[in-house]
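1. sequence and predicted structure, then a few things I'm wondering about:
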Amino acid sequence: MEDAARPWRAFYGPHVRPEIEAASHRTLPDLIGGVAETYRSAPAFTCVLPNGMNGTLSFAQVDEMSDALAIYLREVAGLGAGDRVAVQMPNALGFPVAAFAVFKAGCVLVNVNPLYTAEEMAKQFEDAEPHALIIIDMYADKVPIATRGHPIPNIIVTRVAEFFPSMPRGIVGLVQKYWDKSVAPIELPHIRLPDAIAAGRAHRARDHVEVSDYSAHLEPDDIAVLQYTGGTTGVSKGAMLSHKNLILNMEQTFELVEGLEKGKEIALTALPLYHIFAFTVNLLGFWALGGRNLLIPNPRPLGNLRRAFENYRITWMSGVNTLFNGLANEVWFLDTPPRHLKFASAGGMALQAAVAERWEEITGKPLLQGYGLTETAPVLTFNPLGKTRAGSIGVPVPSTEIVCLDEAGHPVPQGEAGEIAARGPQVMKGYWRRPDETAKVMRGDWFLTGDIGVMDADGYIRIVDRKKDMVVVSGFNVYPNEIEDCLVTHPGVLEAAVIGVPDDASGEAVKAFIVAHDTGLTQADIRAHCKEHLTAYKIPKTVEFRDALPKSNVGKILRKDLRAAELARTAAE
Amino acid sequence: MVGAFEQALLAAMIFVIMLGMGASLTPRDFWLALKRPQGLIIGVVSQYGFMPFIGFAMAVTLDLPEPIAIGLLIVSCMPGGTTSNIFTYFSKGNLALSVLMTVTSTVFGVVLIPIVLLIYASALDLTIPRENIIATLVVLLIPVAIGMTLRKLNANIGAVTEFMGSALALFFIAFIAISWVPRNWQFLLDTTPATYFAAIMLGVFGIVIGYAFARILRLHPRNARTVALETGIQNAPLAIAIIALTFSGEEQQGIIAVGALYSLFIVITSTIVTLIFRRANTAAEQKLPDSLL
């Protein structure tokens, strides 16, 4: 494509490379080791608990421990190159050690949501067939049931306060055991993470193994991570992300981010690292930057973040709409907004303009929205600093092409809505053992996102909606996001979700689900509010008030659940 | 009533507890409470406006023996006690505000206690022991400052100190409630229902009125809970010291009884109120998605 077809490049800063020809490192083990060489004793990860207790690992410590664990995986546990290793834990110091060890061992990382039920775990294990599982003790009681279908020979158990100084570690352990009762006994044979590391060290001393041998054969296109996603079709499947996908995506993203200084930043990582957004941007991105990552095991309730904000000079945070909105409603956060924050980045779900505005009002710093999918490792677009556009997901990151396609797969005229398709080095290799599913989303080397977007003449993109969420009211396309954005501007509305429901007159009708601040709110109030801002066909025909909305583990409102419940209800009537 | 050794032990415990409380605070918390002094002003008004009046009203309306009525009035005119900080901590209130309110009411107490006592019991000639007031401030402020410094130096040491302090505080509350009863068994048997009522309700009315007042003036619920506890919880040991210095013999024993009885029941009342406040605090928390964000 010619430059004329990439008008967004005009918004790149003077130091931004429009094309990233080659990644700084060929593989993740190269990157991890190389960075550790530079920053040695600087703090890399600090896990901060709600009461302020914390543990820190330096770059050198993470490097050495992950070396030892890699040796354990290969020499003691007997794993081979390309074997899968499942890692299932909330944000804790064990996460970077485990993930980096898997890469160094030449194995493939499978991120597993720690809150999964045993059945959900079983499904993922049967699909990914991991040879080892590194799991947090709090959820290890689910393992016996989860591994019935696919037994996992090696189970390594870690804990929240892993690698903390002994006193806080002991207190946290006692509190978890006797007060929270959140740690259940583990019935399967297992080894503790520090013991596995010690075993790896002992092996290294005895047999003089070179860790680098495990990854020497790795190619940039080899699979690094199996990242599970429902994707556009809802079937859970593993996106195969290569070393190159991840390294380049991190570099593409940070290429657009100005003002961060190597070795000086402190990032708040409240989003779970098992999610691709925090994995690429926070875990890999801030490691590469020599920054310090504050790992928050559980940001719920949001008061759990308070000590982290009080005790550290946080310069960057990434989050989702729910997190920013939540913080903007916390009294302590309003009283003492972070003073050293440079900016924050939002992804994972649509950032509502009202939330972004309020955030910037409180912190005085921009909230930059990006966009991407698990299948694209994940970042495709980002708002350049100082050139943010409200309601826009920004412009494509370097080395990325984006077009909007019509139903037939042809580019739509500029300014019209179409399905966003993307091409670039961050696009996955395909879904693990699912060529059928891969075929549904790939057109040559173009990836179909399933999101409907509009690109402005200068390259800024707005997401109109998910393809499958669009409501057709008497032939007019209604995008739920637009209606929800309008609903949440009503002062009495806390959260809103909009779906289409079958309607005799209009084919489909708009239905809104609302979580209200004040209980006096009525359907008439809501409709009157919408009437001021929206065309008639977009106004919700019915409004249902609820105490809560169904949400995914990243806080996305699950319209499909609302739709399913609604269909079941109408079918029953 | 309490021996010198026990007093020293209690002071040492309070010191360690306040060290832990201090470790949960930052200078910014104090700065914020000072920046918006409404809470502080409401607290002092509540402390020296409502409490003495509640005490006076009960002394007049209830059928109390004269020494008990005098004791009740004195307790009701006391500044906030250190215990209020502990209960504020456990009720997840605004601890910095609580500490500042205790300090303010104690410092102003030097002038205000004689004034309110003069208003409600014109003839009283009391000795206000300044050294006790200074001791209260020292036992409060020095460990809080040290605790904050510890946290600043090392977040882990701060968090461990806070944990130890709060664990000791729970022990301290249980210790006061449990050890008090056997020591004063005979006294409990001899006390009349009206005296019981006065000793219990002084704290209850203080908490309820303090809360209502703060809420009417649109203080945030968290700060209102803090004002409530601060108002209801008096510095009973100071009252006991004042009485011991001012009165003697039989008369002293009678007057001091209310202070002692109040000390027991305020711990029980505050524990119940703290549990209610904690619940209210949890209910007011934002509901976020079931799993991690």
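-> It's in.
2. can you tell me what sits against the helix or strand of chain B with the lowest mean pLDDT?
-> Ranking every helix and strand in chain B by mean pLDDT, DSSP states H and E puts helix B:185-190 at the bottom, with a mean of 82. Contacts of helix B:185-190 with the rest of the structure, by CB atoms under 8 Å, 6 or more residues apart in numbering or on different chains, involve B:Val181, B:Ala257, B:Ala260, B:Leu261. Any C-beta I mention is one placed from the backbone N, CA and C, and that applies to glycine too.
3. what about whichever strand or helix holds B:Val227, near chain A?
-> For B:Val227, the host element (DSSP states H and E) is helix B:221-232. Yes: for helix B:221-232 and chain A, the contact criterion (CB under 8 Å from any CB of the partner chain) is met by B:Arg222.
4. how about residues contacting the helix or strand following that helix?
-> Where DSSP H and E defines the elements, the next helix or strand beyond helix B:221-232 is helix B:236-246. If you take CB under 8 Å, 6+ apart as the criterion, helix B:236-246 is touched by B:1, B:71, B:74-75, B:78-79, B:81, B:125-129, B:132-133, B:136, B:252, B:255-256, B:259-260, B:262-263, B:266.
5. so A:Thr449 belongs to a strand, correct?
-> Yes: going by DSSP: H, G, I helix; E, B strand; the rest coil, the assignment for A:Thr449 places it inside a strand.
6. now B:Leu219. Nearest residue, chain neighbours left out?
-> Residue nearest to B:Leu219 in three dimensions, not counting chain neighbours: B:Gly39, with 5.8 Å by CB to CB, 6 or more residues apart in numbering or on different chains.
7. show me what contacts the one you found?
-> Residues counted as contacts of B:Gly39 (CB under 8 Å, 6+ apart) are B:Ala33, B:Asn94, B:Leu97, B:Met101, B:Ala214, B:Leu219, B:Asn223, B:Thr226, B:Val227.
8. try 6 Å
-> Residues touching B:Gly39, when contacts are defined by CB atoms under 6 Å, 6 or more residues apart in numbering or on different chains, comprise B:Leu97, B:Leu219, B:Asn223.
9. helices of the stretch 151-293 of chain B, start to end?
-> For the stretch 151-293 of chain B, the helices identified by DSSP state H, counting those that start in this stretch occupy B:155-183, B:185-190, B:193-216, B:221-232, B:236-246, B:249-284, in order along the chain.
10. tell me which element B:Thr83 falls in.
-> When secondary structure is defined by DSSP H and E, B:Thr83 falls within helix B:82-90.
11. just read off the phi/psi values of A:Leu57.
-> Main-chain dihedrals, A:Leu57, degrees, to the nearest 10: phi -120, psi 140.
12. ok, A:Val498 next?
-> Residue torsions, per degrees, to the nearest 10, at A:Val498 are phi -130, psi 130.
13. ok, and the most crowded of the contacts of B:Gly39?
-> Neighbour counts for those (other CB atoms under 10 Å in any protein chain shown) peak at B:Leu97, which has 27 neighbours.
14. surely it touches B:Ala33?
-> Yes: counting by CB atoms under 6 Å, a contact exists between B:Leu97 and B:Ala33, whose distance comes to 4.6 Å.
15. dump the contacts of B:Gly39 to a markdown table, plus pLDDT.
-> Putting the contacts of B:Gly39 into a markdown table (pLDDT from 0 to 100) gives the following:
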| residue | pLDDT |
| --- | --- |
| B:Leu97 | 94 |
| B:Leu219 | 92 |
| B:Asn223 | 93 |
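16. how about a markdown table for those, with distance to A:Gln61 added?
-> Shown next, in a markdown table, are the contacts of B:Gly39 (distance: CB to CB, whole Å):
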| residue | distance to A:Gln61 |
| --- | --- |
| B:Leu97 | 41 |
| B:Leu219 | 47 |
| B:Asn223 | 43 |
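17. and which of those residues is nearest chain A?
-> Using CB to the nearest CB, B:Asn223 comes nearest to chain A of those, at 9.4 Å.
18. which SSE is the residue lying closest to that closest one once chain neighbours are set aside in?
-> Using CB to CB, 6+ apart and skipping the chain neighbours, the partner closest in space to B:Asn223 is B:Gly39 (4.7 Å). Element membership for B:Gly39, per DSSP H and E: helix B:38-45.
19. how far off centre is the very next helix or strand once past that helix?
-> Under the assignment DSSP H and E, the closest C-terminal helix or strand after helix B:38-45 is helix B:51-61. Taking the mean C-alpha point of helix B:51-61 and that of its whole chain, the gap between them comes to 18 Å (CA atoms, centre = their mean, to the nearest Å).
20. stretch A:10-30 too?
-> For stretch A:10-30, the distance between its averaged C-alpha position and the chain's averaged C-alpha position is 21 Å (CA atoms, centre = their mean).
21. now the helix holding B:Gly39, how far from the centre of its chain.
-> Here the centre of helix B:38-45 is set off from its chain's centre by 15 Å, with CA atoms, centre = their mean.
22. how about the residues of chain A by chain B?
-> By CB under 6 Å from any CB of the partner chain, the residues of chain A that approach chain B are A:51-54, A:115, A:165, A:167-168, A:171, A:271-272, A:299-301, A:310-311, A:322-323, A:326, A:329, A:335-336, A:551, A:553, A:555.
23. what kind of secondary structure is the closest residue to B:Leu100 other than its chain neighbours in?
-> The shortest distance from B:Leu100 to any residue other than its chain neighbours is 5.2 Å, reached at B:Ala33 (CB to CB, 6+ apart). The local conformation at B:Ala33, judged by three-state DSSP, is helix.
24. what is the burial count for B:Ala33?
-> By other CB under 10 Å, the residues close to B:Ala33 number 23.
25. residues in contact with it?
-> In this structure, B:Ala33 makes contact with B:Ala96, B:Leu97, B:Leu100, judged by CB under 6 Å, 6+ apart.
26. same check, this time on A:Phe125
-> Applying CB under 6 Å, 6+ apart as the definition, the contact partners of A:Phe125 turn out to be A:His150.
27. looks to me like it is in a helix.
-> Yes: secondary structure of A:Phe125 (three-state DSSP): part of a helix.
28. give me the pLDDT value at it.
-> Looking at A:Phe125, its pLDDT stands at 95.
29. any idea how far chain B is from it?
-> Counting by CB to the nearest CB, to the nearest Å, the gap between A:Phe125 and chain B amounts to 19 Å.
30. now swap in A:Glu37 and tell me
-> Between A:Glu37 and chain B the distance is 28 Å, computed by CB to the nearest CB.
31. list the buried residues of stretch B:24-32.
-> Judged by neighbour count (16 or more other CB atoms under 10 Å in any protein chain shown), stretch B:24-32 contains these buried residues: B:Ser24, B:Leu25, B:Thr26, B:Asp29, B:Phe30, B:Leu32.
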